[in-house]
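Structure for this input, please:
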Amino acid sequence: MTATRVPPTEITGILGSIVKRVARKRLGEVPESLGVMWNNRPVLMAMAGFGRKADNWTACDDQLKSLAHMAAVTMVGCSACLDFAYYRAHHDGLDLSKVGEVARWRDSTVFTPLERDVLEYAEAMTRTPPAVADDLSARLLEQLGAPGLLELTAFVGAANMASRTNVALGIEAEGLAAACGFALPVAPVTSIA
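Numbers count the residues shown, from 1 in each chain. Have a look, this model is predicted:
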């Protein structure tokens, strides 16, 4: 990882020991980015806590949420989020043939019409300002139901928060995807303006 805009600090104390143990269990290592976020433990814990709670949401399919997450973070240009997303998809047993095609989803033939709508929705939400079309929302509402669409929307919103935070802080990929045999795609980032 290149130098971050906020230097990492040592992760210490009882809470630090727990955080490092959880990181090693989930990721096999303690990422340097965790030291960056350790500078403000309440922010770290709030963001991590939200992520843990979102892991328990069940109204929208995990594969769809994963694809949406990857589309949003690719658009923002967050290599750290994409790195984690690939790692997570691998360990969660998601369809890796689709995961590897997210950066070029418009040209790929592996996605279903619903998955294409989800990818388009994630990108539309990520634009500044958001540009979600009524017809796209209506199609997703019909296919996912209100709880599913709300969950997908919150998931993409959280991906935007995390990815924009990481990019602003200079946090980059740390090799999680490579440990699973993935190479992060080198694709031009779509402008979000």
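
The chain: helices as residue ranges?
Secondary structure of the chain (DSSP state H): helices at 13-27, 32-37, 41-54, 62-76, 79-91, 96-99, 113-126, 134-169, 176-179.

could I get these as a markdown table with distance to residue 106 and mean pLDDT?
(C-beta placed from N, C-alpha, C; glycine too.) What follows is these, written out as a markdown table (distance: least, C-beta to C-beta, whole Å; pLDDT from 0 to 100):
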| stretch | distance to residue 106 | mean pLDDT |
| --- | --- | --- |
| helix 13-27 | 31 | 95 |
| helix 32-37 | 30 | 96 |
| helix 41-54 | 27 | 95 |
| helix 62-76 | 10 | 96 |
| helix 79-91 | 17 | 92 |
| helix 96-99 | 14 | 90 |
| helix 113-126 | 8 | 98 |
| helix 134-169 | 14 | 98 |
| helix 176-179 | 22 | 85 |
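
ranking the ones you listed by burial, who's on top?
Among these, ranked by average contacts under mean count of other C-beta atoms under 10 Å, first place goes to helix 62-76 (a mean of 24).

and the angle for it with helix 113-126?
40 degrees (axes from the mean of the first three to the mean of the last three C-alpha atoms, to 10 degrees).

helices or strands next to helix 62-76 in the packing?
Applying 3 or more C-beta pairs under 8 Å, 6 or more residues apart in numbering; DSSP states H and E, one finds that helix 62-76 contacts helix 79-91, helix 96-99, helix 113-126, helix 134-169.
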